[in-house]
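Participant: Provided below for reference: sequence and predicted model.
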Amino acid sequence: MDSPELFRQEAHKIVDWIADYYTGIEKYPVKAACKPGSVYAGIPEDPPAEPEDMRQIFRDFERIIMPGMTHWQSPSFFAYFPANSSFPSLLAEMLSSALGAQCMKWETSPAASELEEAVMNWLKKMTGLPINFEGVIQDTASTSTLCAILSAREKATGYAVNHKGIGSGTTMRVYCSSEAHSSVEKAVKIAGIGKDNLVKIGCDNEFRMKPLELEKAIQADIRSGYKPVCVVAALGTTGSTAVDPLEDIASICEKNNLWLHVDAAYAGSALILPEYQWMLAGIGKADSLVFNPHKWLFTNFDCSAYFVKDSEILVNTFKLVPEYLKTQIPEHVNDYSNWGIQLGRRFRALKLWFVIRSFGLRGLQEKIRSHIAMAGQLKTWIEEHPDFEILAPVNFGLVCFRYHPEGVNNPEVLNRLNEELLLAVNGTGNIYISHTKLNNIYTLRISVGQTRVELRHVQKAWNQIQQTAKSVFRQAKL
Ligand SMILES: Cc1ncc(COP(=O)(O)O)c(C=O)c1O
């Protein structure tokens with residue numbers, strides 16, 4: 001399909017399809033209901049030898065692929081944290097694909113590098129991060145956290161690991177709370193520090209890291225001959241959106257000369273609201289922070305905003321310039337491939353630029369505030385119901401709760417009942433929710449963060465859960 005005219009025709013059809021998809025998105029089962037292997041079975045064993053007609057390819061997209069899709073953009077998608085999209089973001093992604101630029105260096109697309117610098121500065125201002133932080137777009141929070149831990153490792157060893165390998169030097173230690181995201185453990189494994197050297201600090205009854213325990217663990221490790229290098233604090237844990245006490249943790253890091261990385265992957269977007277600035281107390285002492293506009297800032301996956309206080313450490317950790325990548329770099333511009341792991345980079349700043357301009361700060365604030373308000377309303381409904389209970393503070397758009405019918409008090413039975421409820425609710429196709437375990441309690445999670453979610457969708461979800469709970473209870477072998 002080489003002809004631009006043919007492309008124009010097909011593209012118009014696909015744009016129409018996209019508009020119709022969003023108009024009718026609520027008719028699809030939110031969670032894909034296909035049988036395992038059914039999509040694979042629909043794909044021929046061998047690739048086509050001859051060109052195929054786009055109409056046929058598109059028919060197969062609708063016939064084979066669509067039934068196997070879970071609809072993350074449905075307003076009844078309440079599972080996990082959102083990966084919310086928006087039309088301005090989608091349009092920018094189309095342009096970015098059309099340009100097809102590989103933006104590894106300033107010279108390979110100056111606009112991509114300079115727009116990235118500009119929009120990261122916008123984000124810094126919007127979220128109230130310190131003026132001396134600098135930002136770079138990474139693919140995911142997992143990668144950003146890996147960059148932080150690698151930088152911490154290199155800073156602590158004077159770049160010795162980069163040169164000589166991990167070797168048999170002093171064993172390094174990294175700290176996070178028992179509620180921290182698994183990406184911290186993955187990063188510690190990849191960094192060669194070893195997951196046995198990730199110290200998980202206990203949490204209080206609201207799932208926040210206990211700073212006193214952190215201090216004690218660091219001191220005990222120093223006495224035992226370990227080398228503490230990094231602490232990862234969370235603003236909004238995955239399980240329950242707990243906010244670790246940053247100010248106390250930052251003071252401990254400063255005193256012990258440890259890298260402080262802040263994982264605000266989901267809740268960082270709420271920093272654009274003045275009423276959430278309290279979370280940042282102590283941020284001046286932190287070394288890095290990540291938050292994902294691809295979660296809760298209406299920017300298509302992937303787009304992770306990573307901020308560092310000292311970009312020189314980041315660049316020294318990653319920079320390599322072989323002959324074939326040497327270019328004349330004017331001063332005051334950035335080659336972002338030196339700011340992370342990957343060499344090749346997509347033009348991701350474009351979608352952020354479109355989103356921020358199209359919504360405006362006020363529009364973004366209104367959306368996020370509305371999600372938080374809807375989660376608050378759901379919390380009230382749950383609290384008012386005698387057979388349900390809230391299991392964690394509702395700090396943002398996430399509500400953690402469980403079904404707890406009167407007279408059923410055996411912890412295992414309650415866990416089983418809630419697991420059955422989750423499966424049954426998701427099986428209806430009407431809504432999609434997720435779960436976690438908090439203090440070993442099977443916990444249902446409703447995450448309100450979809451771009452187009454309205455209170456009626458939250459109400460529908462709550463009605464569905466109550467109705468399904470009754471039938472699960474009737475059928476349960478208690
Ligand atoms: C607190 C936290 N950190 C990190 C991640 C990982 O994010 P990503 O998928 O961008 O790697 C998540 C994902 O939900 C998260 O909730």
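Facilitator: Great, that's in hand.

Participant: quick one: residues in contact with stretch 361-378.
Facilitator: Residues from elsewhere that reach stretch 361-378 (Cβ atoms under 8 Å, 6 or more residues apart in numbering): 126, 269-270, 272-273, 296-298, 355-356, 359, 394, 396-399, 446, 448-449, 451, 453-455, 458, 461-462. (C-beta placed from N, C-alpha, C; glycine too.)

Participant: where exactly do the helices run in the stretch 1-150 of the chain?
Facilitator: 4-23, 38-42, 54-60, 87-99, 110-127, 141-156 (DSSP state H, counting those that start in this stretch).

Participant: wait, which of those helices is closest to the ligand?
Facilitator: Between the ligand and the helices of the stretch 1-150 of the chain, the shortest separation by Cβ to the nearest ligand atom is 3.3 Å, and it involves helix 141-156.

Participant: from the contacts of stretch 361-378, list the buried ones, please.
Facilitator: With burial judged by 16 or more other Cβ atoms under 10 Å, the buried subset of the contacts of stretch 361-378 is 126, 269-270, 272-273, 296-298, 355-356, 359, 394, 396-399, 446, 448-449, 451, 453, 458, 461-462.

Participant: select from the residues you listed every entry located in strands.
Facilitator: When DSSP state E defines the strands, the subset of the buried ones among the contacts of stretch 361-378 inside them is 398-399, 446.

Participant: for Thr380, state which of these is nearest.
Facilitator: Taking Cβ to Cβ as the measure, Thr380 lies nearest Val399 of those, at 10.2 Å.

Participant: find the nearest non-adjacent residue to the closest one, please.
Facilitator: Leaving aside its chain neighbours, Val399 sits nearest to Ile446 (4.7 Å; criterion: Cβ to Cβ, 6 or more residues apart in numbering).

Participant: next: Leu350.
Facilitator: Sequence neighbours aside, Ala92 is the residue nearest to Leu350 in space, at 4.4 Å (criterion: Cβ to Cβ, 6+ apart).

Participant: residues in contact with that neighbour?
Facilitator: 350-351, 353-355.

Participant: who wins for most neighbours among these?
Facilitator: Using other Cβ atoms under 10 Å as the neighbour criterion, Lys351 leads the contacts of Ala92 with 30 neighbours.

Participant: make JSON lines from the contacts of Ala92 and add distance to Leu320 and pLDDT to it.
Facilitator: Putting the contacts of Ala92 into JSON lines (distance: Cβ to Cβ, whole Å; pLDDT from 0 to 100) gives the following:
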{"residue": "Leu350", "distance to Leu320": "27", "pLDDT": "98"}
{"residue": "Lys351", "distance to Leu320": "28", "pLDDT": "98"}
{"residue": "Trp353", "distance to Leu320": "29", "pLDDT": "98"}
{"residue": "Phe354", "distance to Leu320": "32", "pLDDT": "98"}
{"residue": "Val355", "distance to Leu320": "33", "pLDDT": "98"}
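
Participant: ok, which pair from these is furthest apart?
Facilitator: Between all members of the contacts of Ala92, the longest pairwise span (Cβ to Cβ) is found for Leu350 and Val355 and amounts to 9.7 Å.

Participant: show me which residues of the protein sit near the ligand.
Facilitator: If contact is defined as Cβ under 6 Å from any ligand atom, the residues of the chain in contact with the ligand are 81, 140-142, 181, 183, 234, 237-238, 263, 265-266, 292, 304.
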